[in-house]
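> Sequence and computational prediction follow.
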Amino acid sequence: MATKKSVSSLKEADLKGKRVFVRVDLNVPLDDNLNITDDTRIRAAVPTIKYLRDHGARVILATHLGRPKGVTPKYSLKPLVPRLSELLGIEVKMANDCIGEEVEKLVAEIPEGGVLLLENVRFHKEEEKNDPEFAKKLASLADVYVNDAFGTAHRAHASTEGVAKYLKPSVAGFLMQKELDYLVGAVANPKKPFAAIVGGSKVSTKIGVIESLLEKVDILILGGGMIFTFYKAQGHSVGSSLVEEDKLDLANTLMEKAKAKGVFLLLPTDVVIADKFAADANSKVVPASSIPDGWLGLDVGPDSIQTFCEALDTTKTVIWNGPMGVFEFEKFAVGTEAIAKKLAELSGKGVTTIIGGGDSVAAVEKVGLADKMSHISTGGGASLELLEGKQLPGVLALDDA
Ligand SMILES: Nc1ncnc2c1ncn2[C@@H]1O[C@H](COP(=O)(O)OP(=O)(O)O)[C@@H](O)[C@H]1O
Ligand SMILES: O=C(OP(=O)(O)O)[C@H](O)COP(=O)(O)O
């Protein structure tokens, strides 16, 4: 696995009284009323924060939430404060920005063991541009940099990569370390047959990753929103389903490549379609090749679930990223829940099951099967990039061990 072999750990840093800038990934799903629907990422961030508090550090937490373009109230981190405070057992303070005078003042007031949460770093466009001046401003807030945001380690942004250039020491948090140890370890030499299940809606991100997975896996199962790009590439009508027109050629190439490499590529043969994108939509099951105009595919059908489960029965390692359908709507959660149950059953039989991605993890949590899986990763894109053998910028930027 071509990622940095070992990064400097939190345990090596001098923390007493130090201001520690901790990049966490608290990009959790929120419902329309801004309630947290899955707090996995918040809970996963707790061990590092607790360790820092126990060692007398002054903790500054930074994260993004969603993909806001500028300051957007619905992406404020305010709804996260109560849960974070509850999990840490202290009152977490929050700043209205992540840089500037007011933030500097609040940082100066953090007591030893105290925690200050900065506002969404993506409210500044400089974050995603990895602007050096912005990174310097973030760095100037602290004495030590800890990156525990595994879920965002594949982004070379100011708070995940740039800041490490200006703030030393720069070390990995416990979550980052655990994810790297597990994912690199488990997939460098997977027990075979090795299957990947890829779904979800981030088509443009994932379709490229599939190409690399074809080099490693024996079985590749596709579901979720991305399948319609493949169907369209095959000349099927897809109604109003999600399609990325500029990825049609790539979809065809991938199907040919799978054939040439002897990878068993499974696309759903039937889909659950809806007359609108809503929980109360009318729905029916149709063959994947006959989606009528005006309808959109929102889940995989029963025949596909059966075929997928039979294929999974033959495996020894399975990695799953992205739900099979719009699982947030009960009617279209069947495929995702069936896969979750299958993987839980396989884990009990000694198969290594790795789940990655905010929404896939949320789906597994929803059916209460998270503790049955071998490893639940807090990063979807990040875990896939690791699988691809890519270097993660957020890891590369940290000090060597
Ligand atoms: N057929 C589909 N059409 C539209 N959206 C879909 C479809 N299937 C799944 N999704 C959506 O994909 C989203 C998750 O995608 P993604 O972010 O790529 O997954 P993850 O977070 O697990 O990596 C979910 O909100 C789900 O509703
Ligand atoms: O949710 C995330 O990614 P994931 O859905 O691939 O797990 C991370 O927080 C990164 O978010 P981004 O894909 O907006 O950079």
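Structure received. Ligands and ions are numbered 1, 2, ... in the order given.

> what's around the residue of the stretch 51-200 of the chain found nearest ligand 2, how many residues?
Closest contact between the stretch 51-200 of the chain and ligand 2, by Cβ to the nearest ligand atom, is at G151 (4.1 Å). Glycine gets a C-beta too; all of them are placed from N, C-alpha and C. If you count neighbours by other Cβ atoms under 10 Å, G151 ends up with 31.

> So it lies in a helix, does it not?
Yes - membership of G151 in a helix is supported by DSSP: H, G, I helix; E, B strand; the rest coil.

> Contacts only, for it.
With contact taken as Cβ atoms under 8 Å, 6 or more residues apart in numbering, G151 is in contact with D25, N27, R41, G358, T378, G379, G380, G381, A382.

> quick one: which two of those are the most distant?
Across the contacts of G151, no pair lies farther apart than R41 and G381, at 13.6 Å, counting by Cβ to Cβ.

> Hmm, V361 is touching D39, no?
No - V361 is beyond contact range of D39, at 10.7 Å (criterion: Cβ atoms under 8 Å).

> Pick out whichever of the two has more residues nearby.
More crowded of V361 and D39, by other Cβ under 10 Å: V361, with 27 against 18.

> R41 and G381: who's more crowded?
It is R41, of R41 and G381, that has more neighbours when counted by other Cβ under 10 Å, with 25 against 22.

> With ligand 2 as the reference, measure out to that one.
Separation of R41 from ligand 2 (Cβ to the nearest ligand atom, to the nearest Å): 8 Å.

> Can you report phi and psi for that residue?
Dihedral angles of R41 (phi, psi; degrees, to the nearest 10) stand at phi -70, psi -30.

> what's near enough to touch it?
Counting by Cβ under 8 Å, 6+ apart, R41 touches V24, D25, L26, N27, V28, G151, G358, T378.

> Of these, which pair is most distant in space?
The widest separation within the contacts of R41 (Cβ to Cβ) is 13.7 Å, between V24 and G358.

> ok so, going back, now the contacts of R41 as JSON lines including secondary structure and pLDDT?
What follows is the contacts of R41, written out as JSON lines (DSSP: H, G, I helix; E, B strand; the rest coil; pLDDT from 0 to 100):
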{"residue": "V24", "secondary structure": "coil", "pLDDT": "98"}
{"residue": "D25", "secondary structure": "coil", "pLDDT": "98"}
{"residue": "L26", "secondary structure": "coil", "pLDDT": "98"}
{"residue": "N27", "secondary structure": "coil", "pLDDT": "96"}
{"residue": "V28", "secondary structure": "coil", "pLDDT": "94"}
{"residue": "G151", "secondary structure": "helix", "pLDDT": "95"}
{"residue": "G358", "secondary structure": "helix", "pLDDT": "69"}
{"residue": "T378", "secondary structure": "coil", "pLDDT": "90"}
